[in-house]
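**Student:** Here is a sequence with its predicted model. Questions after.
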Amino acid sequence: MCCSSSIARDKATMGEPEAFDISAVKGMKFFDPHVHMTSRTTDDYQAMADAGVVALIEPAFWLGQPRTGLDSFRDYYSSLIGWERFRSSQFGIKHYCTIGLNSREANNESLAEQVMEILPLFIYKEGVVGIGEIGFDDQTAAEEKYYRLQLELAKEAGLPVQVHTPHRDKKKGTQRSMDIALEHGLDPYQVIIDHNNEETVKEVLDRGFFAAFTIYPFTKMGNERMVEIVKQYGAERIMVNSAADWGISDPLAVPKTAALMKMRGLSDQDIELVTYRNAITAFAQSGQIDEADFNAQADLTEKFEGNTILRGGQQPRPDKSSIIIS
Ligand SMILES: [Zn+2]
């Protein structure tokens, strides 16, 4: 074999992944409150719909490729409230988004200044359920400056905040994110602290914030550990997401985690709270979420600005067999 990938190596150290049996959660509904669908394919949308994902939130973030101007942000935000929402609707999945300047791009200060000026044009649009994802990446002064400015914006708009916590020096970054949010007078019940782990969860819950967990394939924060966290801390104010994007990630992380929870004996009620209900409770504070909208049938005759996802009379593809999270 020519190329042993790093994924294969990680798998070797992490052991064999748990098989995903969708039948364990057949009929359950899921809400993925953090998934970057702009980076995903129509196959992903179809697989998510097949697995029971009825609604999702797409937070604004960075594109991998550095941006060269304000128009790139403008088009991206427009896409989150326009084309991407339409694409999602074609699979019967209700699409919401959060709008913000992400921490990484806050470090390009000349551009960040301009982005702050256009944010108010987007945050009051239909389907925008919060300011996000904002917070710390490298924990720089610029990141702190724009985090604070956007907390003020959230307060002014009465919107929930979706906080990205740093992957390096996570505990300190998470504490700092919460301290600053409280300093700006935000109600912790309106703030969703994301990318938690065992090190951060207790304090986040104790201080009254929502605690979101991202299930990353081939890392330690797989869904096996998530089951243990819910067993230990209960289901209140905890939510699971995939944070699937253009990197190695799994848009089925939420239903797969629900299936594993079911296999590990968690109650249907707790599973529903962490994979559906708590995210709705948190983000419905925006006034933008109505569960009655989740059941809309995809109307494939619809177009968005004259454009469709269909090519030559196609229909979205049928079921495909599922994969697994280690
Ligand atoms: Zn993200």
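**Tutor:** Perfect, thanks for sending it.
**Student:** do you know how far the most centrally placed residue in the chain is from residue 210?
**Tutor:** In the chain, the residue lying closest to the centroid (Cα atoms, centre = their mean) is residue 34, at 0.6 Å. From residue 34 across to residue 210, the span is 12 Å (Cβ to Cβ, to the nearest Å). The way it works is simple: take the backbone N, C-alpha and C, and place the C-beta from them, glycine included.
**Student:** cool, residue 222 as well?
**Tutor:** Distance from residue 222 to residue 210, by Cβ to Cβ: 21 Å.
**Student:** got it, and residue 142?
**Tutor:** Residue 142 sits 26 Å away from residue 210 when distances are taken as Cβ to Cβ.
**Student:** Which of those two has more residues huddled nearby?
**Tutor:** residue 210 (28 against 15; other Cβ atoms under 10 Å).
**Student:** The more buried one: what's its closest spatial neighbour, skipping adjacent residues?
**Tutor:** residue 192 (4.3 Å; Cβ to Cβ, 6 or more residues apart in numbering).
**Student:** So what touches the helix or strand the one you found falls within?
**Tutor:** Taking DSSP states H and E as the criterion, residue 192 maps to strand 191-193. Identification of contacts with strand 191-193 by Cβ atoms under 8 Å, 6 or more residues apart in numbering yields 33, 130, 132, 160-163, 165, 174, 177-178, 181, 200, 204, 209-212, 239, 282-283.
**Student:** just for the stretch 1-150 of the chain, where's the confidence low?
**Tutor:** 1-20 (pLDDT under 70).
**Student:** what do you get if the cut-off is 80, keeping everything else the same?
**Tutor:** Judged by pLDDT under 80, the stretch 1-150 of the chain has its weakly predicted residues at 1-22.
**Student:** any idea whether the closest residue in space to residue 69 that isn't next to it in sequence is helix, strand or coil?
**Tutor:** The shortest distance from residue 69 to any non-neighbouring residue, by Cβ to Cβ, 6+ apart, is to residue 111 (7.4 Å). Here residue 111 is recorded as helix under DSSP: H, G, I helix; E, B strand; the rest coil.
**Student:** can you pull the contacts of the residue of the stretch 1-150 of the chain found nearest the ion?
**Tutor:** Across the stretch 1-150 of the chain, no residue is closer to the ion than residue 61, which sits at 4.7 Å (Cβ to the ion). By Cβ under 8 Å, 6+ apart, the contact list for residue 61 reads 36, 102, 104, 133, 164, 245.
**Student:** Mind checking which of those land in helices?
**Tutor:** residue 104 (DSSP state H).
**Student:** Can you list which of the contacts of residue 61 are found in strands?
**Tutor:** If you go by DSSP state E, those have 133, 164 in strands.
**Student:** from the contacts of residue 61, which two are the most distant?
**Tutor:** The largest separation in the contacts of residue 61, counting by Cβ to Cβ, is between 36 and 104 at 13.5 Å.
**Student:** higher neighbour count, those two?
**Tutor:** More neighbours surround residue 36 than the other of residue 36 and residue 104, with 25 against 16 (other Cβ under 10 Å).
**Student:** tell me the strands in the stretch 151-300 of the chain, going along the chain?
**Tutor:** 161-164, 191-193, 210-214, 238-241 (DSSP state E, counting those that start in this stretch).
**Student:** Packed most tightly, which of those would that be?
**Tutor:** strand 161-164 (a mean of 29; mean count of other Cβ atoms under 10 Å).
**Student:** partners of that strand in the sheet?
**Tutor:** Take DSSP bridges as the rule and strand 161-164 pairs in its sheet with strand 128-135 (parallel), strand 191-193 (parallel).
**Student:** Around the ion, which positions in the stretch 51-200 of the chain sit nearby?
**Tutor:** residue 61 (Cβ under 5 Å from the ion).
**Student:** residue ranges of the helices in the stretch 51-200 of the chain, please?
**Tutor:** Per DSSP state H, counting those that start in this stretch, the stretch 51-200 of the chain carries helices over the ranges 70-81, 83-89, 103-106, 109-122, 141-157, 170-183.
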